[in-house]
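A.B. asks: Next come a sequence and a model predicted from it.
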Amino acid sequence: MSTTIAFIGLGNMGGPMAANLVKAGFAVRGFDLSETSRAEAAANGVTLCESAADAASGAEIVVTMLPAGRHVLSVWEGLMGTIAPGTLLIDCSTIDVDSARKAHALASGNGLLAVDAPVSGGTGGAQAATLTFMVGGSGEAFNRAEPVLAAMGKKIVHCGDAGAGQAAKICNNMILGISMTAVCEAFVLAEKLGLSHQSLFDVASTSSGQCWSLTSYCPVPGPVPASPANRDYKPGFAAALMLKDLKLSQEAAKAAGAETPLGAHATALYESLDKDGHGGADFSAIIHLIRERSA
């Protein structure tokens with residue numbers, strides 16, 4: 001008999017992840033507030049339920065993929081008393097470290113195992129089951145979660161105890177936000193200096209300027225055919241989501257007493273992009289803002 005998994009949050013990331021669990025042979029019961037997301041999940045073999053509690057009832061594992069810490073805590077609190085002791089809770093949302101630790105404490109206090117397991121890889125990685133999972137929690141919880149995460153991703157890293165997965169995700173995405181703005185600034189400068197996009201790419205991609213933002217997600221059309229720049233910046237990872245993660249990094253930096261001036265600069269740029277109405281574009285679209293300011 002297959003393991004029953006409740007999946008709560010079937011949006012752009014959660015929907016494909018739940019579908020991959022179905023493909024891996026798990027019995028998946030799902031819930032989402034969006035009718036569109038529910039319909040897509042049902043088409044991919046997810047058994048729809050009328051509430052989060054209904055989905056979790058009888059499930060050995062509960063996966064949540066939700067917008068913010070307050071949503072995760074609200075859903076988990078609502079499940080207490082509904083799910084049996086020993087049930088494993090896996091939160092794949094990207095949330096603040098404090099909320100993640102509160103969620104762990106809530107689970108532990110009710111005899112449940114938990115991991116925070118945010119992801120990297122965007123919607124493409126969710127669809128292809130090639131996500132990277134950064135996991136926080138006990139060794140016992142990680143060992144139980146790993147086979148489930150392996151059905152949705154290709155790399156799973158146990159980062160430490162409660163909240164460590166969120167800490168790793170926040171730090172990683174601060175690097176990503178900073179590196180993308182740096183790459184975009186370089187391309188705008190190259191344009192001003194009369195250097196072609198391809199020439200800069202050919203040099204930087206094979207020398208000291210090489211980074212993921214350049215070689216996998218090049219912010220100008222042409223050099224990397226798979227990058228969103230070739231699809232009018234249709235998001236693989238939306239600018240609004242990058243802003244969310246950068247804000248989390250700055251909140252964490254303030255709480256920890258860490259100086260992150262480049263992180264603060266990237267946050268301010270993405271905040272301006274979002275206020276200009278481009279939060280739904282891919283995060284590499286920050287190049288448009290830099291061009292405008294360079295005009």
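C.D. replies: Good, I have the coordinates. Quantities reported herein were computed from a predicted structural model and do not represent experimental measurements.

A.B. asks: where are the low-confidence patches of this protein?
C.D. replies: Along the chain, the model assigns pLDDT under 70 to residues 1.

A.B. asks: mind redoing it with 50?
C.D. replies: By pLDDT under 50, the chain contains no weakly predicted segment.

A.B. asks: tell me the domain ranges of it?
C.D. replies: 4-161, 167-294 (automatic domain parsing).

A.B. asks: could the ones you listed be laid out in JSON lines, adding mean neighbour count?
C.D. replies: Where you see a C-beta, it was placed from the backbone N, CA and C, and this is true even at glycine. Output for these, formatted as JSON lines (neighbours: other Cβ atoms under 10 Å):
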{"stretch": "domain 4-161", "mean neighbour count": "20"}
{"stretch": "domain 167-294", "mean neighbour count": "18"}
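
A.B. asks: Next up, the contacts around the closest residue to A68 other than its chain neighbours.
C.D. replies: Leaving aside its sequence neighbours, A68 sits nearest to I95 (Cβ to Cβ, 6 or more residues apart in numbering; 5.9 Å). By Cβ atoms under 8 Å, 6 or more residues apart in numbering, the residues touching I95 are 66, 68-69, 72, 116, 118, 166, 248.

A.B. asks: Now, the residues you listed that are in helices?
C.D. replies: The helices, defined by DSSP state H, take in 69, 72, 166, 248 from those.

A.B. asks: What is the nearest of these to T47?
C.D. replies: Nearest to T47 out of those is V72 (Cβ to Cβ; 22.3 Å).

A.B. asks: is it true that that closest one touches L89?
C.D. replies: No. Look at V72 against L89 with Cβ atoms under 8 Å: they stay out of range, at 9.5 Å.

A.B. asks: Next, show the common contact partners of the two.
C.D. replies: 64, 103.

A.B. asks: so where do the strands sit in the stretch 51-200 of the chain?
C.D. replies: 61-64, 88-91, 113-116, 119-120, 131-136, 153-160 (DSSP state E, counting those that start in this stretch).

A.B. asks: now the residue nearest to A68: how far from G121?
C.D. replies: For I95, the distance to G121 equals 18 Å [Cβ to Cβ, to the nearest Å].

A.B. asks: Farthest-apart pair in the ones in helices among the contacts of I95, please.
C.D. replies: It's V72 and L248 that sit farthest apart of the ones in helices among the contacts of I95, by Cβ to Cβ, at 13.3 Å.

A.B. asks: I'd like to know which of the strands of the stretch 51-200 of the chain lies nearest to C184.
C.D. replies: Closest among those, once you apply Cβ to Cβ, is strand 119-120, at 20.0 Å.

A.B. asks: Neighbouring strands - and their directions - for the closest one?
C.D. replies: According to DSSP bridges, strand 119-120 forms sheet pairs with strand 131-136 (antiparallel).

A.B. asks: what's the spacing between the partner strand and its chain's center?
C.D. replies: How far strand 131-136 lies from its chain's middle: 10 Å, per Cα atoms, centre = their mean, to the nearest Å.

A.B. asks: All the helices of the stretch 1-150 of the chain, in order from the start?
C.D. replies: Secondary structure of the stretch 1-150 of the chain (DSSP state H, counting those that start in this stretch): helices located at 14-23, 35-43, 52-56, 69-79, 97-109, 122-128, 139-150.
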